[in-house]
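K.L.:
this one's sequence-less:
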């Protein structure tokens, strides 16, 4: 008997299983009152400095923990450890974080019950866009020294983010960066983006940033349900 | 280069499907990708080929179909193609768009061929 080939129709996102795992983690952390923020940017945009400023601003008002991803070294974790519980996730060359690594970091911290869990992703505006880490908010940072043309060049990252933070605004007088151009470009890709301008050095905008996070947490924790944009 | 990670996810899904059909071998795999899939097709293809070769159980052809970025408008319910990543409905200018195609790598189909049984033994290439 001649046996014939069989084409199985699937039509399924290849990341569907990973996204389902992330959704479970997102709901678990929400139910215990933790808002998870995935902070992404190019290297050197000021993610660690912003988290230091955030911890200083809140002081005892809110509890927070940080998982910080880097290819090598624990330098960022060392910078943050005087302020908050922090676990370094060293990827050993990989260009982005994935959920299993995040879970391992959480366990290393003893799965803490905190108001805010920040995941400082590997500095990269490309690969982290495709990986759902179970976050409730994805925040993309753009420093004024990066250039105002980045949103259109990295559309997936901006499309899948909830907020864009324009950092290092104290340097605006010295660089050709046009805030209006950057925000307009970002809103073309994702009209629902919230935009915040700040400087971790001077503290300008840190109050607005923290209020944005507090409001997001209040909304989500009250609603008790969340979805991903990834 | 996260294409290696995506290729692993793809191959895992393919093997899961193959396991549901015992005594079969994968001939080809058809995927769909678009402007917001976040992958470079050639790099994904190379990563997939390398993973399959490492398994050493025979080649699998990867058929890639590139599609346009499309969305359904939540306001007028019509479908539109997104050009230049300008996320506004072409019909009513609304920005409330749900992407329907082109924002992920989608496994469309898996082509399986039966492994021929011969003289009580299974030919297992």
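P.N.:
Thanks, I have the structure now. All figures in this text were calculated on a predicted structure; none of them were measured in a lab.

K.L.:
can you pull out the helices in the chain?
P.N.:
The chain I'm using is chain A. For chain A, the helices defined by DSSP state H occupy A:16-31, A:47-58, A:75-80, A:99-108, A:150-153, A:155-159, A:179-189, A:206-223.

K.L.:
Correction: the question concerned chain B.
P.N.:
Under the criterion DSSP H, chain B contains helices at B:3-19, B:41-55.

K.L.:
Can you pull the poorly scored residue ranges out of the chain?
P.N.:
Assuming you mean chain A. The model of chain A has pLDDT under 70 over residues A:1-2, A:225-230.

K.L.:
right idea, wrong chain: chain B
P.N.:
Using pLDDT under 70, chain B drops low at B:1, B:117-125.

K.L.:
Contact distance from chain A - what residues of it qualify?
P.N.:
Within chain B, the positions near chain A by C-beta under 8 Å from any C-beta of the partner chain are B:1-2, B:5-6, B:9-10, B:12-13, B:17, B:21, B:24, B:27, B:31, B:35-36, B:38-39, B:85-88, B:95, B:103-114, B:116. Any C-beta I mention is one placed from the backbone N, CA and C, and that applies to glycine too.

K.L.:
roughly how far apart are residue B:98 and chain A?
P.N.:
11 Å (C-beta to the nearest C-beta, to the nearest Å).

K.L.:
Let me see the contact set for the closest residue in space to that residue that isn't next to it in sequence.
P.N.:
Excluding the flanking residues, the one nearest residue B:98 by C-beta to C-beta, 6 or more residues apart in numbering or on different chains is residue B:72, at 5.0 Å. Neighbouring residues of residue B:72 by C-beta atoms under 8 Å, 6 or more residues apart in numbering or on different chains: B:78-79, B:97-98, B:100.

K.L.:
For residue B:12, grab the count of nearby residues.
P.N.:
As a burial measure, residue B:12 scores 14 neighbours (other C-beta atoms under 10 Å in any protein chain shown).

K.L.:
which ones are touching it?
P.N.:
residue A:17.

K.L.:
what's near enough to touch residue 61?
P.N.:
Unless you meant another one, I'm taking chain A. Here residue A:61 is in contact with no residue (C-beta under 8 Å, 6+ apart).

K.L.:
wrong one, I was asking about chain B
P.N.:
Contacts for residue B:61 (C-beta under 8 Å, 6+ apart) come out as B:27-29.
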